[in-house]
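Chemist: Sequence and computational prediction follow.
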Amino acid sequence: MNETIKNLAIKYGIVVDRALNDPEGYDSYRTYDRMNLFISATKEYYLNRVSEMEKNLSRAWEKEQQEKERKEEIVLDLEKDELHNLMLMAHDRDITLNEMCEIILKEFIEQHKKTD
């Protein structure tokens, strides 16, 4: 069981075996109220988690869209041997040829930014 849920159960006094240990002192109405509070708190906990996950996914999607928008098409004039080597490099990294070219171009740009 999730540690947070355990803490909520303790906080709201949910004890399953209390009725068995002390049937005379067991207050079913009080336990019912506590159980409702526990259920409400659990729902709120999970709804908050889902809401936060949704926000994170939304931010990631927006960032990805911005990255896509910043890309430009570049035509490369490559010899067959160069193209073949790039294809092998991409294959070794398990990425596409386009992704390999992006990596190389980004590294090239970064190197030249440092020298300028």
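Modeler: Nice, thanks for sending it over.

Chemist: Count the neighbours of residue 87 for me.
Modeler: 13 (other C-beta atoms under 10 Å). In short, each C-beta sits where N, CA and C put it, glycine included.

Chemist: Let me fix that, I meant to ask about residue 76.
Modeler: Neighbours of residue 76 using other C-beta under 10 Å come to 10.

Chemist: what about the closest residue to it other than its chain neighbours, distance to residue 11?
Modeler: Once flanking residues are discounted, residue 76 sits nearest to residue 101: 6.8 Å by C-beta to C-beta, 6 or more residues apart in numbering. Applying C-beta to C-beta, to the nearest Å, the value for residue 101 to residue 11 is 56 Å.

Chemist: cool, and residue 37?
Modeler: From residue 37 to residue 11 the distance is 9 Å (C-beta to C-beta).

Chemist: neighbour-wise, which of these two wins?
Modeler: Taking other C-beta under 10 Å, residue 37 and residue 11 do not tie; residue 37 has more neighbours (15 against 12).

Chemist: coming back round to it: read off the pLDDT value for the residue nearest to residue 76.
Modeler: pLDDT recorded at residue 101 is 91.

Chemist: could you list every residue that touches residue 12?
Modeler: 34-35, 37-38, 41 (C-beta atoms under 8 Å, 6 or more residues apart in numbering).

Chemist: what about 10 Å?
Modeler: 31, 33-42 (C-beta atoms under 10 Å, 6 or more residues apart in numbering).
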